[in-house]
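*Asks:* okay, structure incoming, though there's no sequence with it:
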């Protein structure tokens, strides 16, 4: 795969957590050996339950957090050797909550132009024009230039966040739950916008979401994370058609589509998401897995890959 | 089928500096024992305020008026606060959204759970705690007795939501109001909590008002649905009618907006409703959806757009005839 823009090699992030006064430290492996390949122009979906480490992966790629071990290479170069500003120019985030990610005391034009000021791009006189241009692209009327975030609706705020991410014309945009704080009618507007922008600017996305319907709609490849590891990775259409890992299967089963005659699904997952400080031995999924055997309790499965799909399970579905 | 709750012509108005915010306008619906009535709509459409108005828990500045609000034959509209306090938690319980904020962090689970029972029934502390253990086990919490001594921060989100549900059931209420019961939870846990609620509802023959913005949840859980927009009910009917034959342009628009695995084509444009929800301040005549409606006409701005019934329990608020609406649906599906 020659056109990979971003690759992670055995990415690890471990946080130290206090176990209590005088009890020393414990380690929380938020990201545990993640290998990802992001091809140019593709959309990678990262899914999983809360606490599985998907947002941490995003933070590591954005260099908001330092890696514990492993390497992220961007265009063949190690990201930790590239100046941070340079990375920020080419990889930009769109965060989940547009109510929290915009500074309430700055005007919209000042929020959107911040990257230009930080990177000192061009003449300050041209910034104004650039802001108007990008506002037009994301569908914000120019009269909002002097408004403040509290005067905007949720969808408009998310458009501001998208505009701020795109003004430097980055190559990769990381969308961390881009629509989960929005209403349905607004969600579809933002999803349509994201798809249009990808086509127009040749962007590469990493979309993090717990909403599998959204991921299926946007993504070309999907990686399913569980307790800091990628348990299944495959092209989106294959993964949704025939999931091979039991966890992926359960995740797909629990999507509630608006079909009134179907009733509620039974996932057999049980409630307990394991404590990541003290993960289960063997395959970390075995306490919740309907197919678990003794082997699963003792030996962690090795990732197997074939036909562009990766699955980490002792007994994957065929 | 015995009528449990009947709401007719409910209005909630909140005086603001900019004028009177008509947050809920002329909302009517009824709940039957053992069935679920869903109120669905986007944020700010007045669905939570409707629930609070039923419980008489509105903010002080808000004004509630209604033609009829009866619960089990009792009139709740004119009842005094003292009587209402006897009903709240006892006859009508509420499961609030976000178990993170609605449990008191300073008290143990057991302490918070027994409160309602001690207030409403003549029971000892021991009996109340026994009931709490029984219900915690019912909602699938293991080691229930040790949980009673724990504080909310020691539990995960899913467990906290289960505690909220168990707490609502303490007095065995005939009616339960679930306000976004699963919004803060993961998809896998969401399905479990919903089946749990549904199972308990059947077991104790409770009526339920389910408030949510998630059409998937409504489709799988509700028996009857009222779609709310801008403080009004714009369409109401049985769940299959609403999802298989939506009539109001807003309902149709909402259905188009959601990506459905296996139905919508990945990567293709989703339907969307242009514009934003207007703020219902001041004089609101005509159809509130007209600024965003693809089938708008001149008559929509005039007064007289009212909810009209086309068959028993099926009503919608639009000037277009049901046949034209059904055609619009087919037309948009073809595009």
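*Replies:* In hand now; what should we look at? Model, not experiment: these values are computed from the prediction.

*Asks:* contacting residues for residue A:182?
*Replies:* Residues in contact with residue A:182, defined by Cβ atoms under 8 Å, 6 or more residues apart in numbering or on different chains, are A:98, A:154, A:155, A:158, A:190. The way it works is simple: take the backbone N, C-alpha and C, and place the C-beta from them, glycine included.

*Asks:* count of residues packed around the third one?
*Replies:* Burial of residue A:155 is recorded as 21 neighbouring residues (other Cβ atoms under 10 Å in any protein chain shown).

*Asks:* element containing the nearest residue to it once chain neighbours are set aside, please.
*Replies:* By the measure of Cβ to Cβ, 6 or more residues apart in numbering or on different chains, the closest residue to residue A:155 outside its immediate chain neighbours is residue A:186, 3.6 Å from it. Taking DSSP states H and E as the definition, residue A:186 sits inside helix A:184-201.

*Asks:* circling back to that earlier point, so the residue nearest to residue A:155 sits against residue A:154, correct?
*Replies:* Yes: under the criterion of Cβ atoms under 8 Å, residue A:186 makes contact with residue A:154 at 6.1 Å.

*Asks:* separation between residue B:213 and residue A:150?
*Replies:* Distance, residue B:213 to residue A:150, by Cβ to Cβ, to the nearest Å: 22 Å.

*Asks:* for residue B:172, which non-adjacent residue is spatially closest?
*Replies:* residue B:204 (6.3 Å).

*Asks:* of residue A:186 and residue A:154, who's got more company?
*Replies:* The neighbour comparison of residue A:186 against residue A:154 (other Cβ under 10 Å) goes to residue A:186, with 24 against 21.

*Asks:* list the contacts for the more buried one?
*Replies:* Per Cβ under 8 Å, 6+ apart, neighbours of residue A:186: A:153, A:154, A:155, A:158, A:179, B:42, B:276.

*Asks:* and the two most separated of those?
*Replies:* A:179 and B:276 (15.6 Å; Cβ to Cβ).

*Asks:* who's more crowded, those two?
*Replies:* Per other Cβ under 10 Å, whichever of residue A:179 and residue B:276 has more neighbours is residue A:179, with 26 against 19.

*Asks:* excluding sequence neighbours, find me the nearest residue to the residue of the stretch 1-150 of chain B found nearest chain A.
*Replies:* Nearest residue of the stretch 1-150 of chain B to chain A (Cβ to the nearest Cβ) works out as residue B:42 at 4.0 Å. Nearest non-adjacent residue to residue B:42, counting by Cβ to Cβ, 6+ apart: residue A:183, 4.0 Å away.

*Asks:* and the one you found, how many neighbours?
*Replies:* With other Cβ under 10 Å as criterion, residue A:183 counts 23.

*Asks:* likewise for residue B:307?
*Replies:* 18.

*Asks:* same thing with residue A:275?
*Replies:* 12.

*Asks:* go on, residue B:87?
*Replies:* Neighbours of residue B:87 under the rule other Cβ under 10 Å: 20.

*Asks:* thought it was touching residue B:80?
*Replies:* No: taking Cβ under 8 Å as the definition, residue B:87 is not a contact partner of residue B:80, at 11.1 Å.

*Asks:* on the three-state scheme, whichever residue of the stretch 201-318 of chain A sits closest to chain B is what?
*Replies:* In the stretch 201-318 of chain A, the residue that lies nearest chain B is residue A:256 (3.3 Å; Cβ to the nearest Cβ). Classification of residue A:256 using DSSP: H, G, I helix; E, B strand; the rest coil returns coil.

*Asks:* OK, contacts around it?
*Replies:* A:264, A:265, B:187, B:190, B:191, B:194, B:214, B:216, B:217, B:219, B:220.

*Asks:* now with 6 Å?
*Replies:* Residue A:256 is in contact with B:216, B:217, B:220, counting by Cβ atoms under 6 Å, 6 or more residues apart in numbering or on different chains.

*Asks:* and the helices in chain A?
*Replies:* A:54-61, A:84-90, A:108-119, A:124-137, A:154-166, A:184-201, A:212-218, A:236-241, A:246-253, A:294-298 (DSSP state H).

*Asks:* and those as CSV, adding distance to residue B:115?
*Replies:* Converted to CSV, those look like this (distance: least, Cβ to Cβ, whole Å):
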stretch, distance to residue B:115
helix A:54-61, 37
helix A:84-90, 51
helix A:108-119, 46
helix A:124-137, 52
helix A:154-166, 36
helix A:184-201, 36
helix A:212-218, 39
helix A:236-241, 46
helix A:246-253, 36
helix A:294-298, 42
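
*Asks:* tabulate those helices in JSON lines, adding columns for mean pLDDT.
*Replies:* Converted to JSON lines, the helices of chain A look like this (pLDDT from 0 to 100):
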{"stretch": "helix A:54-61", "mean pLDDT": "92"}
{"stretch": "helix A:84-90", "mean pLDDT": "89"}
{"stretch": "helix A:108-119", "mean pLDDT": "93"}
{"stretch": "helix A:124-137", "mean pLDDT": "91"}
{"stretch": "helix A:154-166", "mean pLDDT": "92"}
{"stretch": "helix A:184-201", "mean pLDDT": "90"}
{"stretch": "helix A:212-218", "mean pLDDT": "91"}
{"stretch": "helix A:236-241", "mean pLDDT": "92"}
{"stretch": "helix A:246-253", "mean pLDDT": "91"}
{"stretch": "helix A:294-298", "mean pLDDT": "91"}
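
*Asks:* what number of residues lie near residue 167?
*Replies:* By default, I'm working from chain A. 24.

*Asks:* meant chain B, my bad for not saying
*Replies:* Neighbours around residue B:167, by other Cβ under 10 Å: 27.

*Asks:* ok so, going back, distance of the residue nearest to residue B:172 relative to residue A:263?
*Replies:* Taken as Cβ to Cβ, the span from residue B:204 to residue A:263 is 19 Å.

*Asks:* which one's more surrounded, these two?
*Replies:* Between residue B:204 and residue A:263, counted using other Cβ under 10 Å, the more crowded position is residue B:204 (15 against 12).

*Asks:* can you tell me the SS state at whichever residue of the stretch 101-250 of chain B sits closest to chain A?
*Replies:* Chain A sits closest to residue B:216 of the stretch 101-250 of chain B, with a gap of 3.3 Å, by Cβ to the nearest Cβ. With three-state DSSP as the basis, the three-state label of residue B:216 is helix.

*Asks:* pLDDT wise, what is the closest residue to chain B within the stretch 1-150 of chain A at?
*Replies:* Per Cβ to the nearest Cβ, residue A:49 is where the stretch 1-150 of chain A lies closest to chain B, at 4.3 Å. On the pLDDT scale, residue A:49 is placed at 86.

*Asks:* quick one: contacts for the residue of the stretch 101-250 of chain B closest to chain A?
*Replies:* So residue B:216 contacts A:256, A:257, A:258 (Cβ under 6 Å, 6+ apart).

*Asks:* and if you look at residue A:215?
*Replies:* Applying Cβ under 6 Å, 6+ apart, the residues contacting residue A:215 are A:45, A:47, A:209.

*Asks:* these two touch, right, the residue nearest to residue B:42 and residue B:44?
*Replies:* No: with contact defined as Cβ atoms under 6 Å, residue A:183 does not reach residue B:44; the gap is 8.7 Å.

*Asks:* contacts only, for the residue of the stretch 1-150 of chain A closest to chain B.
*Replies:* Counted by Cβ under 6 Å, 6+ apart, residue A:49 has contacts A:273, B:186.

*Asks:* kindly recompute the last result at 7 Å.
*Replies:* By Cβ atoms under 7 Å, 6 or more residues apart in numbering or on different chains, the residues touching residue A:49 are A:210, A:273, B:186, B:188.

*Asks:* thanks a lot, catch you later.
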